[in-house]
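# dropping the sequence and predicted coords here.
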Amino acid sequence: MHYTFNVKIKIRRKLISLFLCLASLACLCSCSSSSPVSESQYLLDTVCDITIYDSSDAEGALEEGFAYIAECENLLSKTRDNSDVSRINSAAGQSVVVSDLTAEVIELALEYSELSDGAFDITMGGVIDLWDAAVDAPPSDADLTEALSHVSYKNIELDGNTVTLKDPETQLDLGGIGKGVIASKTAALLESLGVRSAIVNLGGNVVCIGQKSFFNKFKIGIMMPFSDNTQIVGYAELKDQTAVTSGVYERTVTLGGTEYHHIKDPATGYPSNSDITGATIVANASLSGDCDALSTICIILGSDKAVDLIESLDGFEALFILTDGQIVTTSEFSFTAT
């Protein structure tokens, strides 16, 4: 009888343990499978989406998240009169004290300018202004040559939070890196507010907080170039990661009967002319700014140099869609074709 009693106790304890495990699992699944809460706003010159799958206060987190993005735009946009970037550009070479965010973005940009030997350069503001102002024809060669004479990341002096442009006519534009940094920082803010599962998408700069459910990672589609956002070539599965996609198909303008895309080569002032039409870079969720810069660099460099570059960096993987439709990936890029 004593033996039987012990067996019953052991069985009962195992059943209780199993019940508790199943209850915990059910709780996790129910938390992350509840209806997502989503919002879109037009900020940073693009559509910004935040979708929250698991949070104790999703509505409050959305409000704070978008307020933070708007605050960042007010600091980094070169078209806002009182932004840090506008104050730098209008200072004619005088020193300007900027926010921690602006200093951080500029410092990161300078690192990638050095890494790419100038293929990435945030002093392209004057060149970009010429293209933005063009109506019937592209900028003249003379105007581009003049604008390019003021393009060099080496014109930027950064001392703590103080920025000085050694060439008073140099103009900054943080459009190639700012959204990525903001995306990572927005995700970090949401996590600090108790968000456990979410996607932040700032116009192609995607950051995943956690994963979609207890069993499933987020599936991030990779767009087929020139398909008007109707087709994907496949998807990557992400957890606590970022995926940044840049493509020559994203923003174009037709001038003088020729179509021009928005990714400009600092060496020529014209749109880049490589064999890459789309570049997707994946890394840890905190590195969306790095991925933003790298996606632009890779399109300018072309596939051979781009693969070598990404393979040389720890923690980054990439997928490139070439002009002939071929898909090239780095060695560890996890991708499911459709």
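Structure received. As the structure is a prediction and not an experimental result, all values here were calculated from the model.

# what about residue 221, neighbour count?
16 (other C-beta atoms under 10 Å). Where you see a C-beta, it was placed from the backbone N, CA and C, and this is true even at glycine.

# helices and strands around whichever strand or helix holds residue 259, which ones?
Counting by DSSP states H and E, the element that carries residue 259 is strand 258-261. Where contact means 3 or more C-beta pairs under 8 Å, 6 or more residues apart in numbering; DSSP states H and E, strand 258-261 is packed against strand 252-255.

# buried stuff in the strand it packs on?
By neighbour count on 16 or more other C-beta atoms under 10 Å, the buried set for strand 252-255 is empty.

# got the CA positions of that strand in CSV?
C-alpha atoms of strand 252-255 as CSV (Å, rounded to 0.1, in the frame of the first residue of the first chain):
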residue,chain,number,x,y,z
THR,A,252,11.8,57.8,-59.8
VAL,A,253,11.3,60.9,-61.9
THR,A,254,11.1,61.3,-65.7
LEU,A,255,13.1,64.2,-67.1
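
# and the contacts of that strand?
131, 134, 135, 136, 137, 138, 259, 260, 261, 262 (C-beta atoms under 8 Å, 6 or more residues apart in numbering).

# rounded mean pLDDT for that strand, please.
Averaged across strand 252-255, the pLDDT comes to 92.

# numbering from 10 from now on, please.
Done: numbering now begins at 10, and the last item shifts to strand 261-264.

# gap between the closest residue to residue 247 other than its chain neighbours and residue 226?
Nearest in space to residue 247, with sequence neighbours left out and distances taken as C-beta to C-beta, 6 or more residues apart in numbering, is residue 217 at 4.5 Å. Applying C-beta to C-beta, to the nearest Å, the value for residue 217 to residue 226 is 8 Å.

# the two: which is more packed in?
residue 217 (24 against 17).

# right, and residue 318 touches residue 310 too?
Yes: counting by C-beta atoms under 8 Å, residue 318 touches residue 310, with 6.7 Å between them.

# can you list residues touching both of these two?
Residues touching both residue 318 and residue 310 (C-beta under 8 Å, 6+ apart) are residue 125.

# neighbour count: these two, which is higher?
The residue with more neighbours, out of residue 318 and residue 310, is residue 310; 23 against 19, by other C-beta under 10 Å.

# quick one: contacts for residue 156?
135, 136, 138, 139, 148, 278.

# work out for me the element the second one sits within.
Secondary structure assigned from DSSP H and E places residue 136 in helix 134-142.

# residue 140 is in contact with residue 273, isn't it?
Yes: with contacts counted by C-beta under 8 Å, residue 140 reaches residue 273, the gap being 6.9 Å.

# out of those two, which sits in the more crowded spot?
Neighbours per residue, other C-beta under 10 Å: of residue 140 and residue 273, the larger number sits with residue 273, 24 against 20.

# any low-confidence regions in the protein?
10-43 (pLDDT under 70).

# using the three-state scheme, assign the residue nearest to residue 52 when sequence neighbours are not counted.
Excluding its sequence neighbours, the residue lying closest to residue 52 (C-beta to C-beta, 6+ apart) is residue 78, at 5.1 Å. Recorded secondary structure, residue 78: helix (DSSP: H, G, I helix; E, B strand; the rest coil).

# measure residue 78 to residue 244 for me?
Taking C-beta to C-beta, one finds residue 78 at 25 Å from residue 244.

# relative to residue 258, how far out is residue 324?
27 Å.

# I misspoke; the intended subject was residue 205.
35 Å.

# show me what contacts the nearest residue to residue 163 once chain neighbours are set aside?
Leaving aside its chain neighbours, residue 163 sits nearest to residue 175 (7.9 Å; criterion: C-beta to C-beta, 6+ apart). By C-beta under 8 Å, 6+ apart, residue 175 lies in contact with 102, 163, 164, 165, 166.

# just residue 153 next, same as before
Contacts of residue 153 by C-beta under 8 Å, 6+ apart are 136, 139, 277, 278, 279.

# mind listing the residues bridging to the closest residue to the last one other than its chain neighbours?
If I follow you right, that is residue 279. Among residues not flanking residue 279 along the chain, residue 273 sits closest, at 6.8 Å (C-beta to C-beta, 6+ apart). Counting by DSSP bridges, residue 273 forms beta bridges with residue 280.
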